[in-house]
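> Okay, sequence plus prediction incoming.
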Amino acid sequence: MTAGFFRSLLAGILLSTGCAANVRDTDLLASNSLMLPPSTARTVFLQNRNASDNQAVSLNDLRTRLNLKGYEVVQDPQAAAYVVLTHIVYCNQTKVELPVEDLVAGGYGSGIGGSIMSGLHGLTGMAGMAGPQGALIGGAAGMGLNAAEGLGNAVGNMFDGPSQPDANDNINYACVADLQITELARTGGTLPVSPPGTTPPAGVYQTRLAASVYQKKLDEQEATPLVQQRLSAAVAGHF
């Protein structure tokens, strides 16, 4: 039994070492920084959507991260102090002509080809059929749709610049997510819709996030939990 235990331990170490050796670096970019005002409110409504090619990225650990910070995740958006909407719009290997910096630079709701448009149209339609709660969320979906149709009119400032591994030796797998946080006390309990390229109204905070994994060889299964953890940590970090 002892010999078997050590064989299993050795196999695990070798496997972990192999995975780590394939990953050169990870990065997180945001189109702009957000600063929520101090508040004693501790209730959050979450809605996560994924219109990307990688449906395994779910941000399912976001609830736990917020709970650990003392926030309660509620099922009714009207009972929440904050409504947090995340929409994953892209997950794939980046291309030389479209680096991750460009994917983020357009800001919240900007376009990355036609996939975002179809995803936002679908989200708007689903929200519209969901009754009063859907109407609340539908407003935000419509806002994202309007922004996407603007195709990058809202350009934010880049921060937390990525490290720059040799492009010839590394593959960059990235996931891009749009984030909107609405403080309902400041919006009268609604999710206001702002036209593309304009500053969101008071109480509405928007940004685009991108998590990247640099690998020697493309391994989507290996990269998926890494980008998911980066995105979830970034969203929770605003609270």
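Received, thanks. Numbers count the residues shown, from 1 in each chain.
> Tell me, how many residues neighbour the residue nearest to Ser39 when sequence neighbours are not counted?
Spatially, and ignoring its direct neighbours in sequence, Ser39 is nearest to Ala81 (7.0 Å; CB to CB, 6 or more residues apart in numbering). Quick note: C-beta positions are derived from backbone N, CA and C, even for glycine. With neighbours defined by other CB atoms under 10 Å, the count for Ala81 comes to 18.
> Check Thr198 too.
Thr198, neighbours per other CB under 10 Å, totals 12.
> From Gly109, how far out is it?
11 Å (CB to CB, to the nearest Å).
> which SSE is Asn60 in?
According to DSSP states H and E, Asn60 maps onto no helix or strand at all.
> Let's test this: name the helix or strand in the chain with the lowest mean pLDDT.
Sorting the helices and strands of the chain by mean pLDDT, DSSP states H and E puts helix 114-128 at the bottom, at a mean of 42.
> Quick check: pLDDT value at Gly156.
The score at Gly156 is 35. That number is its pLDDT.
> just to revisit the earlier point, contacting residues for the residue nearest to Ser39?
Each residue near Ala81 by CB atoms under 8 Å, 6 or more residues apart in numbering is listed here: 39, 41-44, 183-185.
> Could you dump the residues you listed into a markdown table and include secondary structure, pLDDT and neighbour count?
Formatted as a markdown table, the contacts of Ala81 follow (DSSP: H, G, I helix; E, B strand; the rest coil; pLDDT from 0 to 100; neighbours: other CB atoms under 10 Å):
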| residue | secondary structure | pLDDT | neighbour count |
| --- | --- | --- | --- |
| Ser39 | coil | 95 | 12 |
| Ala41 | coil | 97 | 12 |
| Arg42 | coil | 98 | 14 |
| Thr43 | strand | 98 | 14 |
| Val44 | strand | 98 | 23 |
| Glu183 | strand | 97 | 18 |
| Leu184 | helix | 97 | 21 |
| Ala185 | helix | 96 | 12 |
